[in-house]
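**Q** Quick one: sequence and predicted model below, then my questions.
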Amino acid sequence: AQSVTQLDSHVSVSEGTPVLLRCNYSSSYSPSLFWYVQHPNKGLQLLLKYTSAATLVKGINGFEAEFKKSETSFHLTKPSAHMSDAAEYFCVVSDLQKLVFGTGTRLLVSP
Amino acid sequence: ETGVTQTPRHLVMGMTNKKSLKCEQHLGHNAMYWYKQSAKKPLELMFVYSLEERVENNSVPSRFSPECPNSSHLFLHLHTLQPEDSALYLCASSQDIRGTEAFFGQGTRLTVV
């Protein structure tokens, strides 16, 4: 069965510094992977997706993620954090029948 | 705006009340979902509909009753809920049920008193 592990429940950064949110996946075949963002009391918004094309995926709001098969990782990065990036981020793997969500990483951005 | 609209955004109900949550998608998708999001718990998939037919029910108590009259609309009927059912209920849709990306509504914040 497919699964994802988000290695950090909370990440704190200062505005203007890089963001790294870590995700490792488990899959018996080439997976589809996604990152979603959720702002307080809102629904989940798709940030980006990997579907076996380019391994470096660019998403909205300056985020990108790199698929590394050898490390079974799909970490989310952004060069410079904004205050508006403060939210919860979910790494998701598809098992071809449904989406499997990670437990989420809360990103805190301080001025 | 993701093309998935949920109403109401907030709902407070007593344990003896009956209420319904509504979801509508304008994306032409064939699959719709109900998820429950509780504090400090992973997102829980409750129900899956494909072409108006329920294809998955993840051991959800019978006090939650879904209805999918057509591929654009999904309801969650609630009756005799418990305080632990208080949560954010999210509706989502996707092109099909083969694990393609889902588009989520804003959610309904439910409080059971």
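**A** Ah, there it is. Quick caveat, the model's predicted, so the values are computed rather than measured.
**Q** Look up the residues forming beta bridges with residue A:33.
**A** For residue A:33, the beta-bridge partners under DSSP bridges are residue A:50, residue A:93.
**Q** part of a strand, is residue B:84?
**A** No - counting by DSSP: H, G, I helix; E, B strand; the rest coil, residue B:84 falls outside a strand, being helix.
**Q** need the contact list for it.
**A** residue B:112 (CB atoms under 8 Å, 6 or more residues apart in numbering or on different chains). Backbone N, C-alpha and C define where each C-beta goes, glycine included.
**Q** SS state for the nearest residue to residue B:37 once chain neighbours are set aside?
**A** Among residues not flanking residue B:37 along the chain, residue B:88 sits closest, at 4.4 Å (CB to CB, 6 or more residues apart in numbering or on different chains). Three-state assignment for residue B:88 (three-state DSSP): strand.
**Q** Tell me which helix or strand the residue nearest in space to the middle of chain A sits in.
**A** By CA atoms, centre = their mean, chain A has its centre lying nearest to residue A:35, at 3.8 Å. Assigned by DSSP states H and E, residue A:35 belongs to strand A:32-38.
**Q** Give the other helices and strands that the one helix or strand in chain A whose mean pLDDT sits lowest contacts.
**A** In chain A, the helix or strand scored least confidently by mean pLDDT, DSSP states H and E is strand A:99-101, which has a mean of 90. Packing partners of strand A:99-101 (3 or more CB pairs under 8 Å, 6 or more residues apart in numbering or on different chains; DSSP states H and E): strand A:3-6, strand A:87-94.
**Q** want to throw those into TSV with distance to residue B:45?
**A** Output for those, formatted as TSV (distance: least, CB to CB, whole Å):
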stretch	distance to residue B:45
strand A:3-6	14
strand A:87-94	12
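**Q** ranking those by burial, who's on top?
**A** Scoring those by mean neighbour count under mean count of other CB atoms under 10 Å in any protein chain shown gives strand A:87-94 as the most buried, with a mean of 23.
**Q** Report the spatially closest residue to the one residue in chain A that gets nearest to chain B, excluding sequence-adjacent ones.
**A** Nearest residue of chain A to chain B, counting by CB to the nearest CB: residue A:94, 3.2 Å away. Nearest residue to residue A:94, sequence neighbours excluded (CB to CB, 6+ apart): residue B:99, at 3.2 Å.
**Q** Residue A:30 now?
**A** Leaving aside its sequence neighbours, residue A:30 sits nearest to residue A:52 (CB to CB, 6+ apart; 5.4 Å).
**Q** so which helix or strand takes in the closest residue in space to the residue nearest to the centre of chain A that isn't next to it in sequence?
**A** Leaving aside its sequence neighbours, residue A:35 sits nearest to residue A:47 (CB to CB, 6+ apart; 4.3 Å). Element membership for residue A:47 (DSSP H and E) is strand A:44-50.
**Q** now swap in residue B:49 and tell me
**A** Per DSSP H and E: residue B:49 is located in strand B:44-50.
**Q** Around chain B, which positions in chain A sit nearby?
**A** Residues of chain A lying close to chain B by CB under 8 Å from any CB of the partner chain are A:32, A:34, A:36, A:41-46, A:49, A:90, A:94-99, A:101-104.
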